[in-house]
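1. Sequence below, structure please.
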Amino acid sequence: MSMHFLLLWDKASRNYSAGHGSSPRKSPAPSPSVDCADVAFDMLDCITYLSDGSETAKPTDSCCAGFEAVISLDADCLCFALKHSADFGVDVNLTRAAALSSDCGVSAPPLSKCGSE
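-> Okay, the predicted model is just below:
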């Protein structure tokens, strides 16, 4: 499943990036400091825990390390990953996603801060 997910993630992130390129302007806007599609790769080890229907009792250390990396780079990328998880073939258990901060002992903004776009 991991290889299949990686291939889907790669394809979707490329399609997302290609479809969301900047439009031609006289003075282009500054590019974002991070690409959330790339940053979210740090959380690949969380899929087993966060997948809807998972029986995994707790997140792995590598999941928590990836979660912490995403939060430290750009907390908005967590919202991006959750909003686009279905695009990558992953149904996320939002209850577990909301608890990931406390489960991993990582300070992160609550998911309620993820506004709709």
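2. Residue 64 and residue 97, how far apart?
-> Using CB to CB, to the nearest Å, residue 64 is found at 13 Å from residue 97. The C-beta positions use only the backbone N, C-alpha and C, and glycine is treated the same way.
3. no no, residue 112
-> Distance of residue 112 to residue 97, given as CB to CB: 12 Å.
4. tell me the secondary structure for the residue nearest the centre of the chain?
-> When CA atoms, centre = their mean is applied to the chain, the residue found nearest the centroid is residue 81 (2.6 Å). At residue 81 the chain is in helix, as set by DSSP: H, G, I helix; E, B strand; the rest coil.
5. so who does the residue lying closest to it once chain neighbours are set aside touch?
-> Using CB to CB, 6 or more residues apart in numbering and skipping the chain neighbours, the partner closest in space to residue 81 is residue 40 (4.0 Å). Counting by CB atoms under 8 Å, 6 or more residues apart in numbering, residue 40 makes contact with 9, 70, 77, 80-81, 84.
6. And for residue 107?
-> Residues near residue 107 by CB under 8 Å, 6+ apart: 71, 101.
7. quick revisit: I figured the residue nearest to the centre of the chain was touching residue 36, is that so?
-> Yes - Residue 81 lies in contact with residue 36 (CB atoms under 8 Å); the separation is 7.0 Å.
8. quick revisit: and the residue nearest to residue 81, what pLDDT?
-> Residue 40 is assigned a predicted lDDT (pLDDT) of 85.
9. give me the number of residues near residue 71?
-> For residue 71, the count of nearby residues is 22 (other CB atoms under 10 Å).
10. Check residue 64 too.
-> 21.
11. Wait, a strand at it?
-> No - Residue 64: not assigned to a strand; according to three-state DSSP it is helix.
12. so it touches residue 102, yeah?
-> No - with contact defined as CB under 8 Å, residue 64 does not reach residue 102; the gap is 11.0 Å.
13. May I ask you to confirm that residue 75 is in contact with residue 106?
-> No - counting by CB under 8 Å, residue 75 sits too far from residue 106 to count as a contact (10.4 Å).
14. Looking at residue 82 now. What's its pLDDT?
-> 88.
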